[in-house]
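[1] Coordinates only, no sequence provided:
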């Protein structure tokens with residue numbers, strides 16, 4: 001095990017609580033956005049959490065990984081389902097690297113010769 005994820009969640013929630021005391025309007029906006037995104041109109045809660053985990057991998061957010069792994073488990077996600085979602089994240093990161101590699105070459109090629 002790399003990290004103590006349970007302790008991380010506890011510390012993260014405390015730190016976010018302290019931040020919320022300093023910036024309540026920002027936190028109200030974040031809460032509104034999170035509640036809107038969590039609404040289950042067409043996707044169930046488990047699918048939302050699988051997407052959140054995949055995005056957490058692509059954004060490299062350990063706090064997000066910890067919170068959404070816990071939420072995914074609460075909504076019945078299996079280890080295999082999580083691995084499949086993470087496989088999509090890996091593929092997308094590879095694709096993004098490919099696209100941005102072509103952009104980097106384009107930026108280089110646009111330099112005066």
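    Received, thanks. If you're wondering where the values come from, they're calculated on a predicted model, not measured in any experiment. Numbers count the residues shown, from 1 in each chain.
[2] what about residue 68, neighbour count?
    Residues near residue 68, counting by other Cβ atoms under 10 Å, number 23. Placement of C-beta: from N, CA and C, glycine included.
[3] For it, report the pLDDT, please.
    The model reports residue 68 with a pLDDT of 95.
[4] Quick check: closest non-adjacent residue to residue 71.
    The spatial neighbour of residue 71 that comes closest, neighbours along the chain excluded (Cβ to Cβ, 6 or more residues apart in numbering), is residue 49 at 4.7 Å.
[5] List the buried residues in whichever helix or strand the one you found is part of.
    Residue 49 belongs to helix 45-59 when assigned by DSSP states H and E. Applying a neighbour-count criterion of 16 or more other Cβ atoms under 10 Å, the buried positions in helix 45-59 are 45-54, 56-57.
[6] and what of stretch 66-77?
    66-69, 71-72, 77.
[7] quick check, nearest of those to residue 100?
    Nearest to residue 100, judged by Cβ to Cβ, of the buried residues of stretch 66-77 is residue 68 at 25.3 Å.
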